[in-house]
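Q: sequence? don't have it. structure:
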């Protein structure tokens, strides 16, 4: 691996409702001053509105960066060319075909170079570099939110094929009971399941469903139990073949770790009983900072995807 040893990288983590910016000191593996800045963003907005939100957030960073920018964005996206490939995914449709690298190179302060990486990859790299997976050679990371994000790592390199690895390392491409995994494990799936269980035509968001589960709502608890038991069942054979020492779970839904971890472990044990106790299953240590740290790591390291560990 070759590394650019400049100390600061300016980074952004782009989500469907907000964007977060920070500067990362790659020598200390930490956010500069321990601070990040957040701006609202409408994933259904126009391309100009989305780019403007990114630029507003970037403008809040202190002066003194190196001119290198790393941006973590969800797929489908052409990360090498910096062009959106979104279509029918529920957000960022306006960025389809937009050269985001050119737009940001023109508008970001003090820019010298703009790189892009997948947001789930950035999260897992950040947890491996500075968080819950630090010190582990072989890692699987999952993000739970709008959908299921994933990344497979070996010695800090992204693995996209090989034993246990789904196509391109993307768990959302796997299926359960004849349907895509995200029809059971995703924000929309949890809301739909709760609506079906309660007869509600307008079910609440996942945060509210989690609150109700903690307050004794059996339907809400059942929705979490079933979804994450299924995730464990699907993950079990994957982990058995890839053989990581740690599974790190992040994303907005993972903030309800008390409702996720038990069913997930049960599913793993049911799926591959002999493997269940050999992998540490942990929640993110740096849920907000990990994607920012991982984006900086990716920008300063040669991360050639490998076929197998």
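A: Looks like it arrived, so ask away. Bear in mind that the values here come from a model prediction, so they are computed numbers and not experimental data.

Q: skip the chain neighbours and tell me the closest residue to the residue positioned nearest the centre of the chain.
A: The centre of the chain sits closest to residue 120, judged by CA atoms, centre = their mean, with a distance of 2.9 Å. Leaving aside its sequence neighbours, residue 120 sits nearest to residue 149 (CB to CB, 6 or more residues apart in numbering; 3.0 Å). Bear in mind the C-beta positions are built from the backbone N, C-alpha and C, glycine included.

Q: in a strand, that neighbour, correct?
A: Yes - applying DSSP: H, G, I helix; E, B strand; the rest coil, one finds residue 149 inside a strand.

Q: could you identify the longest helix within this structure?
A: helix 218-242 (DSSP state H).

Q: after that one, next one along is what?
A: strand 246-250 (DSSP states H and E).

Q: packing partners for the longest helix of the chain?
A: Using 3 or more CB pairs under 8 Å, 6 or more residues apart in numbering; DSSP states H and E, the elements in contact with helix 218-242 are strand 138-144, strand 175-176, helix 187-198, helix 206-214, helix 257-271.

Q: tell me the most buried of these?
A: Comparing the helices and strands packed on helix 218-242 by mean neighbour count (mean count of other CB atoms under 10 Å), strand 138-144 comes out on top with a mean of 26.

Q: got the contact list for the residue nearest to residue 138 when sequence neighbours are not counted?
A: In space, and not counting its chain neighbours, residue 138 is closest to residue 244: 4.5 Å by CB to CB, 6+ apart. Contacts for residue 244 (CB atoms under 8 Å, 6 or more residues apart in numbering) come out as 136, 138, 139, 140, 152, 279.

Q: ok, the last one touching residue 240?
A: Just to be clear, that refers to residue 279. No - counting by CB atoms under 8 Å, residue 279 stays clear of residue 240, with 9.2 Å between them.

Q: ok, these two, which is more surrounded?
A: residue 279 (22 against 18; other CB atoms under 10 Å).

Q: now do the same for that one: its pLDDT.
A: pLDDT for residue 279: 92.

Q: OK, contacts around it?
A: So residue 279 contacts 239, 244, 245, 246, 247, 268 (CB under 8 Å, 6+ apart).

Q: need the pLDDT of the residue nearest to the centre of the chain.
A: 95.

Q: again with residue 309
A: With respect to pLDDT, residue 309 has a value of 41.

Q: what's around the closest residue to residue 284 other than its chain neighbours, how many residues?
A: Leaving aside its sequence neighbours, residue 284 sits nearest to residue 250 (CB to CB, 6+ apart; 3.7 Å). Per other CB under 10 Å, the neighbour tally for residue 250 reads 30.

Q: got it, and residue 20?
A: Around residue 20 there are 20 residues (other CB under 10 Å).

Q: and whichever strand or helix holds it, what does it pack onto?
A: Assigned by DSSP H and E, residue 20 falls within strand 18-25. Using 3+ CB pairs under 8 Å, 6+ apart as the contact test, the elements touching strand 18-25 are strand 8-14, strand 30-31, strand 37-40, helix 47-58, helix 290-299.

Q: most packed of these?
A: helix 290-299 (a mean of 29).

Q: residues making contact with that one?
A: 4, 9, 11-13, 20, 22, 24, 26, 29-31, 36, 68-72, 115, 117, 119, 121-131, 156, 250, 284, 286.

Q: buried ones among those?
A: 9, 11-13, 20, 22, 24, 26, 31, 36, 68-72, 115, 117, 119, 121-131, 250, 284, 286 (16 or more other CB atoms under 10 Å).

Q: okay, now the unreliable bits of the stretch 201-309 of the chain?
A: Residue ranges of the stretch 201-309 of the chain with pLDDT under 70: 273-277, 302-309.

Q: in the sheet, who's paired with residue 301?
A: residue 3 (DSSP bridges).

Q: distance of residue 156 relative to residue 137?
A: 9 Å (CB to CB, to the nearest Å).

Q: the helices in the stretch 51-200 of the chain, which residues?
A: For the stretch 51-200 of the chain, the helices defined by DSSP state H, counting those that start in this stretch occupy 100-107, 119-130, 187-198.

Q: ends of stretch 51-67, what's the gap?
A: End-to-end distance for stretch 51-67, by CA to CA, to the nearest Å: 18 Å.

Q: can you pull the pLDDT of residue 112?
A: 89.

Q: revised request: answer the last question for residue 171.
A: 95.

Q: what do you get for residue 67?
A: Residue-level pLDDT assigned to residue 67 equals 88.
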